[in-house]
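Chemist: Need coordinates for the below:
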Amino acid sequence: MSWIRRIETLTLRRLPHPTLGAAAVIVVLAVMVLPAPLLASGSYGWAAGDTLHYTLDDSLDGTLDDSLGESLGESARVSPAAQLRSRLLYDTIAAGRSLDRSDAVGSSSEARRSVPLAFGLSAALPGAGQVYNRTWIRAAGAFIVESGLILGYVLWKDRGQDAEAAYKNYAHEHWDPGQYAAWLNDYVDYLEEVDGGSLGVDDIPIPQGIDFSEPLAWSPQERQAVRSFFDEVRAVEDEVYHPETGAAFSHNLPYFAEQQYYELIGKYFQFAPGWADYPRWKEGDAFTDAIDPERTGSDGTKPNVQGRFLEYASDHADANTLLRRASRASAFLVLHHVVAAFDAAISAKLHNDRIQTGVELGMDRFQQPQLSAALSVRL
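Modeler: A predicted model of the protein is given here:
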């Protein structure tokens, strides 16, 4: 249900002198354009539908309207025009009944609010604009959501980064590029033996004296040697294929310590031979079933893919899950700032729309022209 407090400010009768008429109009307009914060001194309380009337006579002395004066008795008194505005804004009118003070409009709550300021406060800190608007429940909710998102982001990011560092160390310790290159050399021989042809590729020279488990200790020369070694590996990968399907390798080994390096060695079976627990693929001069990591068993599984590959894949997935959660939390943080900012701006705008001013020109009951200024507060 919509309630309106309407304060009818002035009713002007015909004045005998143009100067007096002009002065009366100035008084009316001055009352009309007063900012909303002046509406409340904390000492009055108009209930829904209460109306306050002031009338200017020919001498510009203001008297209470007859009907209201009769109801007020001794409280009806003459007010000089100069006091009209302050009387209108600050007097408490008891029109024959007690006014509920809880229905009063406080100065801080009825002040016009800056929409850009409300937007900016909540954009910077969700809840701040709601505090500015005095919407306390929304402010508390915004602060709680913001705190939860920040806490979730920090926890998930820290745990994700720790898990990422752990699986990288695990890869350094248990996945050996040299072992993978040795398997590729034997795999070329296996394909040539199976197909009875030649792939026309040379064996990959495996660097000696380089510890792949301690990459931070490498010298610049060792780093360059590792990169050249990986180029040799990638060249051979381009020539080999899967004997079951005849399909070429889907991926090349990324350069050491790249993000894709850590992802692919625990994702694609072609890289399984680089893990320390991979089965022996050659006994003397004979190749075992483990020479083909993509070989499919009778039950549809990959029997040559062993525990460390699967364990690493699980650890890598868990770390990525935590980091994705942190990323989503950061995205929701940005979204929360935007939503809170628009909520604060809309609340401020709706609040301002409740406070309205207006001027009307009409006729009184004596068919005389009258000019009325009105200030309305919509609850």
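
Chemist: Next, count neighbours for Trp183.
Modeler: Residue crowding around Trp183 was assessed by other CB atoms under 10 Å; the count is 22. Every C-beta, even on glycine, is put in place using the N, C-alpha and C of the backbone.

Chemist: how close does the nearest residue to it once chain neighbours are set aside sit to Val305?
Modeler: Among residues not flanking Trp183 along the chain, Pro273 sits closest, at 3.8 Å (CB to CB, 6 or more residues apart in numbering). Taken as CB to CB, to the nearest Å, the spacing of Pro273 relative to Val305 amounts to 10 Å.

Chemist: Looking at the two, which one has more neighbours?
Modeler: Using other CB under 10 Å, the more surrounded residue of Pro273 and Val305 is Pro273, with 26 against 20.

Chemist: thought the more buried one was touching Trp281?
Modeler: Yes. The pair Pro273 / Trp281 is scored as a contact, 6.7 Å apart, by CB atoms under 8 Å.

Chemist: list the residues that contact both of those two?
Modeler: Here Pro273 and Trp281 have Trp183, Ala290 as joint contacts, going by CB atoms under 8 Å, 6 or more residues apart in numbering.

Chemist: helices or strands next to the helix or strand where Thr321 lies in the packing?
Modeler: Taking DSSP states H and E as the criterion, the element that holds Thr321 is helix 307-353. Contacts of helix 307-353 with other secondary structure elements, assessed using 3 or more CB pairs under 8 Å, 6 or more residues apart in numbering; DSSP states H and E, are made with helix 115-124, helix 128-132, helix 136-174.

Chemist: Can you pull out the residues in contact with stretch 250-261?
Modeler: Residues from elsewhere that reach stretch 250-261, judged by CB under 8 Å, 6+ apart: 168, 177, 180, 212, 215, 226-227, 230, 233-234, 237-238, 264-265, 268, 270-271.

Chemist: So among these, which ones count as buried?
Modeler: Burial by neighbour count, 16 or more other CB atoms under 10 Å: within the contacts of stretch 250-261 this picks out 168, 177, 180, 212, 226, 230, 233-234, 237, 264-265, 268, 270-271.

Chemist: Taking the residues you listed together, which two end up most distant?
Modeler: Taking CB to CB as the measure, the buried ones among the contacts of stretch 250-261 span a maximum distance of 22.5 Å, between Lys168 and Glu237.

Chemist: which one is Ala142 nearest to, not counting chain neighbours?
Modeler: Here the nearest residue to Ala142 in space, its sequence neighbours aside, is Gly127; by CB to CB, 6+ apart that works out to 3.6 Å.

Chemist: I'd assumed Ala340 was in contact with that neighbour.
Modeler: Yes. Under the criterion of CB under 8 Å, Gly127 makes contact with Ala340 at 6.8 Å.

Chemist: what is in contact with those two at once?
Modeler: Ala142, Glu146.

Chemist: Give me the more crowded residue out of those two.
Modeler: The neighbour comparison of Gly127 against Ala340 (other CB under 10 Å) goes to Ala340, with 28 against 24.

Chemist: quick one: pLDDT of the more buried one?
Modeler: Note for Ala340: predicted pLDDT of 97.

Chemist: how about it, what does it touch?
Modeler: Ala340 makes contacts with Ser122, Ala123, Pro126, Gly127, Gly129, Gln130, Ala142, Glu146, as judged by CB under 8 Å, 6+ apart.
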